[in-house]
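> pasting the sequence and the predicted model now:
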Amino acid sequence: MDIQNFKEKIIREGLDIGDEYGRIFIFIDFSNVNKWFEKDRQDWNNRPLAEDQCLGIDIDKLNNFTNFISKKVKVYYGEDPMNDGSCRFTDALRILFDSRNVITKDVQKIKHYLTLEDGIVKHEKTDDEGKKFVEIRKCNFDVEIAVDAIKMMEHYDTFCIFSGDADFVYLNNFLSKKGKKIIIFKGGYITTKLRKTADLVVNAQQIKKDIVLIKKTKT
């Protein structure tokens, strides 16, 4: 057994992903995954982070990690075409995961107007009438993931979703009735209904060391 196969064996055993899951297809809702560790103040060895440090997703490590579980991976990411950093990040995703497996669409920017009770808010803006607001960025891929999961049903035995979004309850139940197993990788709380749809639920803290990096906090 070479080192790659040994690592795969250790990781899969550590997560209780046995042979009974057969062919696994991973679907990554990256906007959801990107928030998994944003409030963590410790690294993967439980060492405190410095004041100017935070955790982020290392896409190289994420790619390597998912390859230990499955060779079939799709990534969904909301892109801001007016932001060079966002476009560069999308390009990096396409290089790592193959452009055919990276699904993007433009982020929607929704104005949320502030009231006096909100106080001073980061990144607030002012419209032509002098009203203060913040832009809430939203990009939902539930439909795209559901369509792709159903279209590709013949190519996997297990649907593996990297997201704790409760909207996947209906899709998971549908796939279960078609004989598919369900694995959910989630960060934080998920609803009881969503948990009941899964054959296996993996907490993001279990794979923290495998997919995160330490970076400087944005000023």
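Okay, I see it.
> look up how far residue 163 lies from residue 65.
16 Å (C-beta to C-beta, to the nearest Å). No exception for glycine: its C-beta is placed from N, CA and C like everyone else's.
> remind me, longest helix of the chain?
What stands out as the longest helix in the chain, according to DSSP state H, is helix 84-97.
> end to end, how far does stretch 43-55 reach?
Terminal residues of stretch 43-55 lie 7 Å apart, using C-alpha to C-alpha, to the nearest Å.
> tell me the contacts of the residue nearest the centre of the chain?
When C-alpha atoms, centre = their mean is applied to the chain, the residue found nearest the centroid is residue 33 (2.6 Å). By C-beta atoms under 8 Å, 6 or more residues apart in numbering, the contact set of residue 33 is 57, 62, 162, 163, 185, 187, 204.
> could you redo the last one with a cut-off of 10 Å?
Listed by C-beta atoms under 10 Å, 6 or more residues apart in numbering, the contact set of residue 33 reads 57, 62, 75-77, 162-164, 185-187, 204, 211.
> quick one: distance of stretch 188-196 to the chain centre.
From the chain centre to the centre of stretch 188-196 is a distance of 16 Å (C-alpha atoms, centre = their mean, to the nearest Å).
> convert the C-alpha atoms of it to PDB, please.
Extracted C-alpha coordinates of stretch 188-196, given in PDB (Å, rounded to 0.1, in the frame of the first residue of the first chain):
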ATOM      1  CA  GLY A 188     -22.500  24.300  13.300                       C
ATOM      2  CA  TYR A 189     -26.100  23.500  13.900                       C
ATOM      3  CA  ILE A 190     -28.400  21.700  11.400                       C
ATOM      4  CA  THR A 191     -32.100  21.000  11.700                       C
ATOM      5  CA  THR A 192     -33.400  17.700  13.000                       C
ATOM      6  CA  LYS A 193     -35.200  17.100   9.700                       C
ATOM      7  CA  LEU A 194     -32.000  17.500   7.700                       C
ATOM      8  CA  ARG A 195     -30.100  15.300  10.100                       C
ATOM      9  CA  LYS A 196     -32.700  12.500   9.700                       C
END
